[in-house]
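Asks: Attaching a predicted model along with its sequence, questions to come.
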Amino acid sequence: MDSSETQSPTVTQREQWMVESQVFQMYELLSSVPRNAQSVLLELQRDKHIEFLTNGLRQLGPSFCVLDANRPWLCYWILHSIALLGDSVDDELENNTIDFLSRCQDPNGGYGGGPGQMPHLATTYAAINALITLGGHRSLSSINRGKVYTFLRRMKDPSGAFRMHDAGEMDVRACYTAISVASVLTILDDELVKGVGNFILSCQTYEGGISGEPGSEAHGGYTFCGLATMVLIGEVNRLDLTSLIDWVVFRQGVEGGFQGRTNKLVDGCYSFWQGGVFALIQKLHSIIEEQLRLLDAGGSAIDSPQLASISCHSGKRGLHDTSGSAKFSNIGFNFLKEPAEMEPLFHSIALQQYIILCSQLQEGGFRDKPGKHRDYYHTCYCLSGLSVAQYSYSKDADSPPLPRAVFGPYSNLLEPIHPLYNVILDLYHEAHEFFSTS
């Protein structure tokens, strides 16, 4: 092609420019408003969000029939969002939700997308997280842990991975939902863990991120799922964390939010899927430092006898000295106690700015990006990402996450979450105590 000819922009370039234009107009609007009048634009519309969410839990319109197989997800997205905002539902809604999710629980274990539907790992994860979010004895005791374990074993493939449902697909999402459920219910054991790490490793791509299945493209959601799974099974040292970091740090765009894949548009939901990765990386400094040392010495980042003995949250606490579920039951709990020797490797204020100014709707709810409609999925993960951006873990072991710089008024501060499970931290502790002693 003659160098004097002008090459036409691609569809991807045009879409990117359009999104940047919409986002920067919002940022310019903020800068043009007098500082004493900016509070309305910078404020988290807490009451409007709670109204939007509560109305959705009470009744949904006929257009939601396409989500009939995702009803436990709707419960989780809505309940978790309300809890992040520091609120809870009334007794009637709580009891109705517990009763509904109990009817989604299959007699042979696991939860389906609705009463009478086949059990599915994704909706099992959503239902259990929703019940943990409700909290209390009635909610937590409604989960039949023995039957859930039977279901998880049935979904376990001989290859080591998990299937989403009977004869269903195997991917990293299935591995995460299965391992997360087993971990939070304290039923994770050697049989469920066997081979999972090998499957996750086969999905780490040349870019450094993790794909849904071997040979696919690195993706934000799968990267979070893969990394969290490897932490929960005590094998995170096997991942090439240095290349994973290289990939994820470049997913934050000029808009301030995250994209899910290379050369894709910003999307509010990746505020958590990518932002949550950084919350996990914060506590993996010892492994990362050793991998960097090996690279500097001209070796491989992951092939090292020293790395085999480093397992943040497990090796130095002796969790692998026991058998069965005992050695895995406290990994998620002890992960919180790990000191964070590094600051988060993303621009937290820029992310908060994108969420508040570009994803938030003044009438309540959050969206993917300007020009899109609000929905419960994006509301949940925008708020989850906002919480991740607002908190930072301390260098002191056993210290809870502390608020760091908050964009807008301090009243925008949300509740902290457990970054491995994406449930409110206090509610996780309640569930952990309940399941560890029952």
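Replies: Yep, that arrived.

Asks: alpha carbons only for contacts and neighbour counts from here, please
Replies: OK.

Asks: what distance separates stretch 354-368 from the centre of its chain?
Replies: Centre-to-centre, stretch 354-368 and its host chain are 19 Å apart (CA atoms, centre = their mean, to the nearest Å).

Asks: contacts for that stretch?
Replies: For stretch 354-368, the surrounding residues in contact (CA atoms under 8 Å, 6 or more residues apart in numbering) are 23, 26-27, 41-53, 255-257, 266-269, 271, 369-370, 373-376, 378-379, 382, 386.

Asks: Give the buried subset of those residues as a ChimeraX selection command.
Replies: A single ChimeraX command selects the buried members of the contacts of stretch 354-368 (16 or more other CA atoms under 10 Å):
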select :23,26,27,41,42,43,44,45,46,49,50,52,53,255,256,257,266,267,268,269,271,369,370,374,375,376,378,379,382,386
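
Asks: which ones among the contacts of stretch 354-368 are found in strands?
Replies: Here DSSP state E is the test, and those give no hits in strands at all.

Asks: Of the contacts of stretch 354-368, which belong to helices?
Replies: Of the contacts of stretch 354-368, the ones assigned to helices by DSSP state H are 23, 26-27, 41-42, 46-53, 271, 376, 378-379, 382, 386.

Asks: Would you quantify the distance from Gly109 to Asn129?
Replies: Distance check for Gly109 against Asn129: by CA to CA, to the nearest Å, it reads 16 Å.

Asks: quick one: which of these two has more around it?
Replies: The neighbour count for Gly109 versus Asn129, taken as other CA atoms under 10 Å, is higher for Asn129 (28 against 22).

Asks: what's the helix or strand hosting the more buried one in contact with?
Replies: Secondary structure from DSSP states H and E places Asn129 in helix 121-134. Outside helix 121-134, the residues within contact range by CA under 8 Å, 6+ apart are 70, 72-73, 75-76, 79-80, 83, 88, 94, 98, 101, 110-113, 139-140, 143, 152, 163-165, 173-174, 177-178, 180-181, 423-424, 427-428, 431.

Asks: Could you tell me which residues within that helix count as buried?
Replies: The neighbour-count check on helix 121-134 (16+ other CA under 10 Å) flags 121-134 as buried.

Asks: swap in stretch 219-237?
Replies: 219-237.

Asks: same question, stretch 428-438
Replies: Neighbour counts using 16+ other CA under 10 Å place Tyr428, Glu430, Ala431, His432, Phe434, Phe435 of stretch 428-438 among the buried residues.

Asks: distance of the fifth one from Arg138?
Replies: Just to be clear, that refers to Phe434. 11 Å.

Asks: Leu357 now?
Replies: From Leu357 to Arg138 the distance is 39 Å (CA to CA).

Asks: In terms of neighbours, single out the busier of those two.
Replies: For Leu357 versus Arg138, neighbours defined as other CA under 10 Å are more numerous around Leu357 (20 against 13).

Asks: Val254 and Ala161, how far apart?
Replies: From Val254 to Ala161 the distance is 37 Å (CA to CA).

Asks: So for these two, which sits in the more crowded spot?
Replies: Between Val254 and Ala161, Ala161 has the larger neighbour count (other CA under 10 Å), namely 26 against 12.

Asks: sec struct for Ser436, please.
Replies: In three-state terms, and counting by DSSP: H, G, I helix; E, B strand; the rest coil, Ser436 is helix.

Asks: Quick check, it in contact with Thr186.
Replies: Yes - counting by CA atoms under 8 Å, Ser436 touches Thr186, with 6.5 Å between them.

Asks: anything in contact with each of these two?
Replies: Ser329.

Asks: Give me the distance between the residue lying closest to His165 once chain neighbours are set aside and Val19.
Replies: Nearest residue to His165, sequence neighbours excluded (CA to CA, 6 or more residues apart in numbering): His120, at 4.9 Å. Remark: distance between His120 and Val19 (CA to CA) = 36 Å.

Asks: Tell me which of those two has more neighbours.
Replies: His120 (26 against 18).

Asks: what pLDDT, on average, does stretch 268-278 get?
Replies: Rounded to a whole number, the mean pLDDT of stretch 268-278 is 98.

Asks: oh, and call the first residue 6 from now on, that's how I've got it
Replies: Okay, residue one is now 6; in that scheme the one you just asked about reads as stretch 273-283.

Asks: what does that stretch contact?
Replies: Stretch 273-283 is contacted by residues 225-226, 228-229, 232, 253, 256, 262-265, 349-351, 356, 360, 364, 372-374, 382-383, 385-387, 389-391, 393-394, 424 when judged by CA under 8 Å, 6+ apart.

Asks: Render the CA-only coordinates of it in CSV, please.
Replies: C-alpha atoms of stretch 273-283 as CSV (Å, rounded to 0.1, in the frame of the first residue of the first chain):
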residue,chain,number,x,y,z
GLY,A,273,-18.1,-1.4,34.0
CYS,A,274,-18.4,-5.1,35.0
TYR,A,275,-14.7,-5.5,34.7
SER,A,276,-14.3,-3.1,37.5
PHE,A,277,-14.5,-6.2,39.6
TRP,A,278,-13.3,-9.0,37.3
GLN,A,279,-10.1,-7.1,36.6
GLY,A,280,-10.0,-5.0,39.7
GLY,A,281,-10.5,-8.1,41.9
VAL,A,282,-7.4,-9.6,40.4
PHE,A,283,-5.3,-6.7,41.9
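
Asks: With that, I have no additional questions.
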